[in-house]
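Participant: Just a sequence and a predicted model for now, questions to come.
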Amino acid sequence: MQEKQAEQSNNPFRKFSFLRLRFERWLTVGTIFLLLCAGLFWVVWSWEGDETPEVLQEAVFSEVVPYLYENDRFYFRGKTGGRRGNFVFDLKKGRLQKEDWTRHYGDNHHSYHLGKNRRLFVNNTGNSPSIFLDSGSGRRPLLVSLPLVQQPLSISPQGDAFVYVDSGKNALNLQLYQLDKGRSLLLEKGIADKEAQNIQIDWSPNGRYLLADGCRIYRVSDGRMIRRLSGGSAVWSPKGKVLAYISQSQSVPLKKGAKGPVLQGKEMRLWNVETSRGRTLYRAGDKEWILQRAVWDPNGRYLTFPTGRQENEKIYYEQVHVMDGKMFHYIEGEQNLLPTRLENLRLSEDGNYLSYAVNGILKLINLQTQESRSYDVYPQEKKNRSEYVRYDPGGVWLGQTHEILYVGEGMEEKEIYHTSAEVLGFYLSSQRDKLLVMEETEKGLKLRLVALPRDKKTARIQPD
């Protein structure tokens, strides 16, 4: 018996098993300790970096129709408690109130603000609409017995003139009314009803010229057509003197119900309305087409447009161009094997950032460093929400399904706001210290005003 115990005590394998068991126990204890330390560090880090913002004001509506955002004030039509009304959300004061802002801004349906305490009213009662001018001392009729055409008035930027449609002998006429002179000038006559309903009027920013259907240019002072562009899809520069348009255009035969551009062209041209000088900015290759009208940056220095090809009645976007009309020409390539849709093409001020969505994927490019990021915006594009990108001089604010991001220097991405609800839109205060978010919840559409963290750390809203 003693020999057997001595043999077991001198057994090296038994000693090894004992040491291994002790090592495994210490390893388990050490692992648990490290996990606890890591968890504590994560809690501390989350507490410091996952700041819950202060909710300054919030309200729930069954319906919200945005109208204008100006001077940190959000003007909208809302429905709550079964009643509709006009409301203002003041971000500076953190106050939501019911207010009849149509007396100052109009509603672009029955009332149009002209400035200088003047408004236009459209009276649709009776057999034909009439237009009245309200100058503060009362209303007086300007035009009566207008045709029943579902075409809203188009007001000049300065509020001193407007375009309307009236009845001719056998067709309709396009007229320009000058408020200061109290007279109408005939722009076009013999317009069919369907054409009058779809006519597009674009005023130059200085209000001296107007563009009809992207190709006909009129001088406002005398109503004279000064040029018919040899193309279409023209768009004014923000400076108001230059038009960018597509020439050598042709219609694109698409199948019924298919979405895509209805105009292609070979050249992107510029035309100066004051000097009457034009030039070609870009000429497409043999199988290449310019597929959309140009988009200017807010300062009118840069413009962007897409090019691609057409195969078997399908459109393929292949390149997005950014040009300044001089030496700068940036090209962003798109490799798409399937037919594509390009939407929400935009340039930031002075052309620092370019963004656009292709088939529900947003591409954001820093044109200074040529760095880029991609984001899923399919839910926003599916619901035709275009205001999910907002530019700042130093970066870009981006609305996602449940969060709002800020992409800054070096394309560094920070999550500014997070919520369990679906983000429908957002507005920023001019000081970037407050954020107004519109969310879709089970209770309705929630407008929530929160204070932004000063260091732009994550701001999370707890679920209701």
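Facilitator: Received, thanks. Source: prediction; values computed, not measured. Numbers count the residues shown, from 1 in each chain.

Participant: Low-confidence stretches in the chain?
Facilitator: The model of the chain has pLDDT under 70 over residues 1-53, 126, 148-152, 250-263, 337, 454-464.

Participant: Skipping its backbone neighbours, what lies nearest the residue sitting nearest the centre point of it in space?
Facilitator: When Cα atoms, centre = their mean is applied to the chain, the residue found nearest the centroid is residue 387 (3.1 Å). Among residues not flanking residue 387 along the chain, residue 425 sits closest, at 5.8 Å (Cβ to Cβ, 6 or more residues apart in numbering). Every residue, glycine included, has its C-beta placed from N, CA and C.

Participant: For stretch 282-292, buried residues please.
Facilitator: By neighbour count on 16 or more other Cβ atoms under 10 Å, the buried set for stretch 282-292 is 282, 284, 288, 289, 290, 291, 292.

Participant: got a list of contacts for it?
Facilitator: For stretch 282-292, the surrounding residues in contact (Cβ atoms under 8 Å, 6 or more residues apart in numbering) are 233, 246, 261, 264-268, 305-310, 315, 317-318, 321, 323, 342, 345.

Participant: picking up where we left off before, thought the residue nearest to residue 387 was touching residue 390?
Facilitator: No: with contact defined as Cβ atoms under 8 Å, residue 425 does not count as touching residue 390 (10.2 Å).

Participant: ok, the two, which is more surrounded?
Facilitator: Using other Cβ atoms under 10 Å as the criterion, residue 425 and residue 390 rank with residue 425 on top: 20 against 17.

Participant: roughly how far apart are that one and residue 176?
Facilitator: In this structure, residue 425 and residue 176 are 36 Å apart, going by Cβ to Cβ, to the nearest Å.

Participant: follow-up on the earlier one: in the helix or strand where the residue nearest to residue 387 lies, what's buried?
Facilitator: Assessed by DSSP states H and E, residue 425 sits inside strand 422-428. Going by neighbour count (16+ other Cβ under 10 Å), the buried part of strand 422-428 is 423, 424, 425, 426, 427, 428.

Participant: And the furthest pair within these?
Facilitator: Farthest-apart pair in these is 424 and 428; separation 15.3 Å (Cβ to Cβ).

Participant: pull the CA atoms of stretch 78-98 into PDB?
Facilitator: Provided in PDB are the C-alpha atoms of stretch 78-98 (Å, rounded to 0.1, in the frame of the first residue of the first chain):
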ATOM      1  CA  GLY A  78     -50.000  70.900 -39.500                       C
ATOM      2  CA  LYS A  79     -52.900  68.800 -38.300                       C
ATOM      3  CA  THR A  80     -53.300  68.000 -34.600                       C
ATOM      4  CA  GLY A  81     -56.400  67.000 -32.700                       C
ATOM      5  CA  GLY A  82     -58.400  66.800 -35.900                       C
ATOM      6  CA  ARG A  83     -57.700  70.500 -36.700                       C
ATOM      7  CA  ARG A  84     -55.500  72.000 -39.400                       C
ATOM      8  CA  GLY A  85     -53.500  75.200 -39.000                       C
ATOM      9  CA  ASN A  86     -50.400  77.100 -39.800                       C
ATOM     10  CA  PHE A  87     -47.500  76.800 -37.300                       C
ATOM     11  CA  VAL A  88     -44.000  78.200 -36.600                       C
ATOM     12  CA  PHE A  89     -41.200  76.400 -34.800                       C
ATOM     13  CA  ASP A  90     -38.700  79.000 -33.700                       C
ATOM     14  CA  LEU A  91     -35.300  77.300 -33.100                       C
ATOM     15  CA  LYS A  92     -33.700  80.300 -31.400                       C
ATOM     16  CA  LYS A  93     -36.400  80.700 -28.800                       C
ATOM     17  CA  GLY A  94     -37.200  77.000 -28.600                       C
ATOM     18  CA  ARG A  95     -40.900  77.800 -29.100                       C
ATOM     19  CA  LEU A  96     -43.700  76.200 -31.100                       C
ATOM     20  CA  GLN A  97     -46.800  78.300 -31.800                       C
ATOM     21  CA  LYS A  98     -49.800  78.600 -34.100                       C
END
